[in-house]
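S.K.: from the sequence below, what's the structure:
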Amino acid sequence: MKSTQTHLSKFVLLTLLLFTGLAFTAAAQSVYVGQAGKEGNALKKYIEPSDLKKLVDHPTDSIWIIDVRSEKAYLNGHIPTAQSFPAGTIAQRINEIPKNQYLIIYCTVGGNAQIVSKKLKKAGYKRYINWGSISRWEGERETGMRH
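M.R.: Residues are numbered from 1 along each chain as shown. Next up, the predicted model:
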C-alpha cells in the first residue's frame, strides 16, 4: 500500500512540475510583445491580433510588417502583406529597410523578433515594435513569396 502511495505522490509531483514548466514557457513566449523603439509606441495600437488584421485589410504605406522567421517558414504561411527578412539575413539586408518606415516585427515565438529589434536599434532604427509570435495571428495565412 505504501509503495502505491509513493508512486502516486511522485506522479502527482511530476505532473505538477510539468504543468508549471509549460505555464512558464507559455508566459515567456510573450515577454517581448509590445517592446518598441523610441518612436515605435505609435504601433502599439496594432498589438492586438484583431487590430493588426484591420491594418492587413487596409495597408498603410508607412507601415511594414516584417516576418523574421526562416524563408521556408514564411513560404509555408505568413501574415498577409508581411515581407520576409529572416533573422539570419538582417545584417546583410538592413539597407533594404528604410529607417523612416514603421516596422511591425514577428517571428515564431517572439525571441528572434527581439534580437532583430536590437540589431535595428543598433543600426539607428527607432520606429519598430515586437509583435511577438505568428501563433497570435487569428486570420488566414498567405503562402508563397510576396512580389
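S.K.: show me where pLDDT drops low in the protein?
M.R.: 1-30, 147 (pLDDT under 70).
S.K.: bridging residues for the residue nearest the centre of it?
M.R.: Central residue of the chain (CA atoms, centre = their mean): residue 132, 2.5 Å from the mean position. Under DSSP bridges, the beta-bridge partners of residue 132 are residue 106.
S.K.: isn't it up against residue 32?
M.R.: Yes. Counting by CB atoms under 8 Å, residue 132 touches residue 32, with 6.6 Å between them. Quick note: C-beta positions are derived from backbone N, CA and C, even for glycine.
S.K.: okay, and the common contacts of these two?
M.R.: Residues touching both residue 132 and residue 32 (CB atoms under 8 Å, 6 or more residues apart in numbering): 110, 113.
S.K.: just the helices in this protein please.
M.R.: Secondary structure of the chain (DSSP state H): helices at 2-29, 49-57, 71-76, 90-93, 111-122.
S.K.: domains of this protein?
M.R.: The record's domain parsing of the chain by automatic domain parsing lists 1-30, 32-136.
S.K.: now the closest residue to residue 76 other than its chain neighbours, what are its backbone angles?
M.R.: Nearest non-adjacent residue to residue 76, counting by CB to CB, 6 or more residues apart in numbering: residue 143, 6.5 Å away. Main-chain dihedrals, residue 143, degrees, to the nearest 10: phi -110, psi 160.
S.K.: so which residues make contact with stretch 125-133?
M.R.: Outside stretch 125-133, the residues that reach it (CB under 8 Å, 6+ apart) are 29-30, 32-44, 46-47, 52, 65, 97, 99-110, 113-114, 117, 120-121.
S.K.: now restrict these to buried residues only.
M.R.: The neighbour-count test (16 or more other CB atoms under 10 Å) applied to the contacts of stretch 125-133 identifies 29, 32-37, 40, 43, 46-47, 52, 65, 97, 102-110, 113-114, 117, 120 as buried.
S.K.: quick check: end-to-end length of stretch 88-96?
M.R.: End-to-end distance for stretch 88-96: 15 Å, by CA to CA, to the nearest Å.
S.K.: give the buried residues for stretch 116-125.
M.R.: Buried residues in stretch 116-125 (16+ other CB under 10 Å): 116, 117, 120, 125.
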